[in-house]
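K.L.:
the following comprises the amino acid sequence and a computationally predicted model.
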Amino acid sequence: MNYSRQRDIILQTLKANVVHPTAEYLYAVLKEKEPNISLATLYRNLNQLSDNGIIKKIDGLEVPSHYDHNTHEHYHFMCDECKRVFDVSCDVAPDIVQKAEDETGFIVKKHDIIFNGICRDCLEKIKESN
Ligand SMILES: [Zn+2]
Ligand SMILES: [Zn+2]
C-alpha cells in the first residue's frame with residue numbers, strides 16, 4: 001500500500017470517529033479494513049499529520065494521546081467515567097486570551113483547556129443505578 005493511500009485511510013478513519021480516539025482505538029478500527037497495517041505505521045502517519053497541522057494531537061489528557069481531526073480552536077471535556085473526549089466551543093470563554101494577556105502583560109501564543117468531569121450519558125447511568 002503506498003504512503004498517500006495509507007494516510008488517506010487513516011485520516012478517513014479518524015474523521016469517522018467523533019470521539020477523539022486514541023491510536024490504539026484507531027488501530028483496532030483500521031485493522032478491519034487494512035489487515036496489513038502496523039501500529040508503527042499508524043503512529044508515523046499520525047505524527048506526520050499532526051506535525052503538518054492536518055490533525056491535532058491532544059496533549060495534557062492522560063496517556064495514550066487522543067487525536068482530533070478538528071483543528072479549529074476548541075476546548076475539550078474529558079469524562080472521568082467513560083474516558084471519552086468531547087468538544088467544547090470556545091464561546092464559553094471568548095475573551096480568555098485577552099484577559100490572560102491583560103493580567104500578565106504576556107503574549108499568549110496558544111492555550112488548551114481541558115475540562116474534566118462526568119458526561120451526560122454517564123450522569124444518566126449514575127442516576128439510574130441510584
Ligand atoms: Zn462518560
Ligand atoms: Zn476536539
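P.N.:
Structure's in. What do you need? Ligands and ions are numbered 1, 2, ... in the order given.
K.L.:
CA only for contacts and neighbour counts going forward, please
P.N.:
Will do.
K.L.:
who does the lowest-mean-pLDDT helix or strand in the chain touch, helix- and strand-wise?
P.N.:
Here the helix or strand of the chain ranked lowest by mean pLDDT, DSSP states H and E is strand 66-68, holding a mean of 83. When contacts are defined as 3 or more Cα pairs under 8 Å, 6 or more residues apart in numbering; DSSP states H and E, strand 66-68 packs onto strand 56-58.
K.L.:
so what touches the strand it packs on?
P.N.:
Here strand 56-58 makes contact (Cα atoms under 8 Å, 6 or more residues apart in numbering) with 50, 65-71.
K.L.:
residues in contact with the least confident helix or strand of the chain: which ones?
P.N.:
Counting by Cα under 8 Å, 6+ apart, 14, 20-23, 55-59 sit against strand 66-68.
K.L.:
nearest to ligand 1, of those?
P.N.:
Nearest to ligand 1 out of the contacts of strand 66-68 is His20 (Cα to the ion; 13.2 Å).
K.L.:
can you tell me the SS state at that closest one?
P.N.:
Secondary structure of His20, reduced to three states by DSSP: H, G, I helix; E, B strand; the rest coil: coil.
K.L.:
count the residues that sit near Asp8.
P.N.:
Residues near Asp8, counting by other Cα atoms under 10 Å, number 12.
K.L.:
that one sits in which helix or strand?
P.N.:
Asp8 is part of helix 3-15 when elements are defined by DSSP states H and E.
K.L.:
buried ones among the contacts of strand 56-58?
P.N.:
Neighbour counting by 16 or more other Cα atoms under 10 Å classes 50, 65-69 among the contacts of strand 56-58 as buried.
K.L.:
widest-spaced pair of the residues you listed?
P.N.:
For the buried ones among the contacts of strand 56-58, the farthest-apart pair by Cα to Cα is Ser65 and His69; their separation is 13.4 Å.
K.L.:
contact residues of the chain facing ligand 1?
P.N.:
Counting by Cα under 5 Å from the ion, the chain comes close to ligand 1 at 79, 81-82, 119, 122.
K.L.:
and Ser65, how far from ligand 1?
P.N.:
To ligand 1, Ser65 is 18 Å away according to Cα to the ion, to the nearest Å.
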